[in-house]
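Q: model the following, please.
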Amino acid sequence: MSDDPVTAQRLKHGLPVIVALASFLLIAGGMAALYFGRDILVPVTLAILLSFVLVPAVRILRRIRVPRVPAVLLVVVVVFGALFGIGSLIASEGAQLAADLPRYSMVMQEKIKALRGATAGTGTLSRIVDMVQDLGTALQPPPPVERQGTPGSAGHPFTVEIKAAKAGVLETVQTFAGPILHPLATTGLILLFTIFILLQREDLRNRAIRLAGSGDLRRTTAAIDDAASRLSRFFLAQLALNVAFGLVIGVGLWLIGLPSPTLFGVIAAILRFVPYVGAAIGALLPLVIAGAVDPGWSMVIYTAALFLVVEPIAGHVIEPLLYGHSTGLSPIAVILSATIWTFLWGPIGLVLATPLTVCLVVLGRHVERLWYLDVLLGDQPALAPPEIFYQRMLANDPAEAIEQGRQFLKERALVTYYDEVVLAGLLLAQEDLSRGTLDRERQDEVGVAIRTVVARLGNAPVARRVRKGAARSGGRETAAAVAAAGPDRQAAGIVLGPQDLPPAWRGKAPVLCVSSRGPFDEAATLMLSQILARHGLASQVMSLAAIRAGERPEATGEIALICFSYLEPVSLSQIRFTVRQARAAVPSVRILVGFWRERDPATLERLRRATSADILATSLNEALSAVLAVCRDEAPAAEHREAAGAPPLLAPAAA
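A: Numbers count the residues shown, from 1 in each chain. Okay, the predicted model is just below:
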């Protein structure tokens, strides 16, 4: 690299463009390889997916001491024999349906005429019927025209016919044997690759481990084995569900009286691999045939009702029980993958789009080098809950955060949400502030947005009981936040009444919460004050600057606890001086110091000795637990409560 600083600066600025261009060329090259190599890649892909389905059967045979080669051959022969039988049945059913189509077309024409007569003069519907009839007339070949006269005359021109040269034997074989040999060759490749993949499964796994990175064999092996087992279970469950779906549809169409029900059942089972629109496409042809077969409309209604009943049951009841509520793909990834794979591989790509994308997402979740696949295609939130919250504050969109918080509160306590989401988001804001990436205007906007969220969520009712699963209605981001937060602590479910408080704590506002000088300390202090108030301890909030400016809290003599909140780094000497001032102003007061960014136990013990605070907390849950424990110890009714056999308010909490 050149030592010229100008050249180095230009290379630094041009590096993102070079990386973007290289990425584009890499993607374009990969798509071109997939498109031009589809004759080989499609059979290999089908063999790999089929091997995931057949591995459990091979394992069962291996457990009963069947050698590997006979076990693989037996499973493959049985499966391909069943597929060949189904294909033969479909061919015969399709041929029969094609032979009956002229008879069905007459019924459809009579129905269109009747519908046209019934809708004559009714505007849009009549024009639609006319358009369908005109389209049918246009598609019919024109009748031959007979002309009188001698050849060459004006009424009977010469007829010139151009015939192609007689094809040779090789061209004839290619013309008639090509459409037959190509599917047979593809089937043979699938059969061959499936056998070798099942026979060499361990060797292929070792090679995949080598490619993924063999630095940590235990972790890589566990990841690949877990990914393979997950994919095998998913594909087997999806195959079983879709086969059952096609079977139910076929039996239902047979009971309705629709011709070729087996054909439509198999088509419905295959198209159900296509997400969202597969079942609708599978229902389209049976509806058309039902309209052509039945002179009335009862068969159409029964066919539509069959699909409208069976598909929701399969998709919303049975499918979640088998392999979860979704395939693990985001909706946009499903649509995008279906579009791309259909463009590359045609109709077979549409059927394989979801299984292939599921494979990519599973690899992205288990192989570190492919993590971006899970981010791009997976249904899990790309950002952690605190990052999502902070991003919404940066975007000045507190309404969405408020809605997520309300959904969160259906299953967890407010103090848990503040600790795991809001306070963690505040720490991200404080880090940006420390790096100098937040200007004054943006600081004010973020602070106002956070205080708006805290004020709105403070009106939510205190959770008395947990309703598991209630937060799912808030979307995947809320569900991820609930899962990351874990269960509530014991203190989250305790609300003190006046009779539970010591006499010194029964004033109008026995707790004084003091915020430090940082721009985000006020929001953390408001959360602490709100949490204490929701659990029976009224409080007032003041800033440290206001107190030093001469302002005095209300009813200073009734203050039993002073809470100092620190979100940004401060010196120990400053904190020690502040605590001493508080003790001098209110001699009998207890002091709580909240270091909301500190987690190291050794550092906390040093801070506790240096600040001489009664309570040192690093989270709102810890602060609430400690304050409730102090109230329990000082409450005059505590001994009476325990002597009577009632459970204590709260077990002693570590400071």
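
Q: backbone dihedrals for the residue most central in space within the chain, both of them.
A: The centroid of the chain falls nearest to residue 379 when counting by Cα atoms, centre = their mean (2.0 Å). Geometry field for residue 379 lists phi and psi as phi -100, psi 0, criterion degrees, to the nearest 10.

Q: next one: residue 540
A: When read as degrees, to the nearest 10, the backbone of residue 540 gives phi -130, psi 150.

Q: for the closest residue to residue 372 other than its chain neighbours, give me the pLDDT.
A: Counting by Cβ to Cβ, 6 or more residues apart in numbering, the nearest residue to residue 372 once its immediate chain neighbours are dropped is residue 364, at 6.8 Å. C-betas here are computed from N, CA, C, even on glycine. Looking at residue 364, its pLDDT is 80.

Q: re the thing from before, please report the distance of the closest residue to the residue nearest to the centre of the chain other than its chain neighbours from residue 459.
A: Spatial nearest neighbour of residue 379, excluding adjacent residues (Cβ to Cβ, 6+ apart): residue 330 at 4.7 Å. Applying Cβ to Cβ, to the nearest Å, one obtains 33 Å for the distance of residue 330 from residue 459.

Q: one more: residue 583?
A: Using Cβ to Cβ, residue 583 is found at 35 Å from residue 459.

Q: of the two, who's got more company?
A: Legend: neighbour count by other Cβ atoms under 10 Å for residue 583 and residue 459, higher for residue 583 (14 against 8).

Q: go ahead and confirm the more buried one touches residue 589.
A: Yes. Using Cβ atoms under 8 Å, residue 583 is in contact with residue 589, at 6.7 Å.

Q: can you pull the domain assignment for the protein?
A: Following automatic domain parsing, the chain resolves into domains at 216-377, 385-488, 495-643.

Q: just the strands in the chain please.
A: Taking DSSP state E as the criterion, the chain carries its strands at 511-515, 539-543, 561-566, 590-595, 615-617.

Q: mean pLDDT and distance to residue 306 added to those, as a markdown table?
A: Putting the strands of the chain into a markdown table (pLDDT from 0 to 100; distance: least, Cβ to Cβ, whole Å) gives the following:
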| stretch | mean pLDDT | distance to residue 306 |
| --- | --- | --- |
| strand 511-515 | 88 | 64 |
| strand 539-543 | 86 | 63 |
| strand 561-566 | 87 | 63 |
| strand 590-595 | 86 | 62 |
| strand 615-617 | 85 | 62 |
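
Q: between these, which one is nearest to residue 272?
A: The closest of the strands of the chain to residue 272 is strand 615-617. By Cβ to Cβ, the value is 54.3 Å.

Q: just give the strands next to that closest one in its sheet, each with its orientation.
A: strand 590-595 (parallel) (DSSP bridges).

Q: pull the helix or strand with minimum mean pLDDT from the protein.
A: helix 638-643 (a mean of 41; mean pLDDT, DSSP states H and E).

Q: excluding covalently adjacent residues, which one is nearest to residue 38?
A: In this structure, residue 38 finds its nearest non-sequential neighbour in residue 345, 5.1 Å apart by Cβ to Cβ, 6+ apart.

Q: pretty sure residue 249 contacts residue 265?
A: Yes. Residue 249 is in contact with residue 265 according to Cβ under 8 Å; the separation is 4.9 Å.

Q: the helices in the stretch 151-300 of the chain, which residues?
A: Along the stretch 151-300 of the chain, counting by DSSP state H, counting those that start in this stretch, helices occupy 169-199, 201-212, 217-256, 261-271, 278-293, 298-313.

Q: need the winner for burial among these.
A: helix 261-271 (a mean of 22; mean count of other Cβ atoms under 10 Å).

Q: against which helices or strands is that one packed?
A: Secondary-structure packing of helix 261-271 (3 or more Cβ pairs under 8 Å, 6 or more residues apart in numbering; DSSP states H and E): helix 68-118, helix 217-256, helix 278-293.

Q: and the longest one, what does it pack against?
A: Contact here means 3+ Cβ pairs under 8 Å, 6+ apart; on that basis helix 68-118 packs against helix 38-63, helix 124-139, helix 169-199, helix 261-271, helix 278-293.

Q: so which of the domains of the chain gets nearest residue 45?
A: Among those, domain 216-377 comes nearest to residue 45, with 6.4 Å by Cβ to Cβ.

Q: report the distance from that closest one to the chain centre.
A: Chain-centre distance of domain 216-377: 17 Å, with Cα atoms, centre = their mean, to the nearest Å.

Q: need the helices of the stretch 151-300 of the chain in JSON lines with mean pLDDT and distance to residue 484, can you?
A: Shown next, in JSON lines, are the helices of the stretch 151-300 of the chain (pLDDT from 0 to 100; distance: least, Cβ to Cβ, whole Å):
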{"stretch": "helix 169-199", "mean pLDDT": "74", "distance to residue 484": "38"}
{"stretch": "helix 201-212", "mean pLDDT": "76", "distance to residue 484": "27"}
{"stretch": "helix 217-256", "mean pLDDT": "81", "distance to residue 484": "21"}
{"stretch": "helix 261-271", "mean pLDDT": "87", "distance to residue 484": "38"}
{"stretch": "helix 278-293", "mean pLDDT": "83", "distance to residue 484": "34"}
{"stretch": "helix 298-313", "mean pLDDT": "89", "distance to residue 484": "32"}
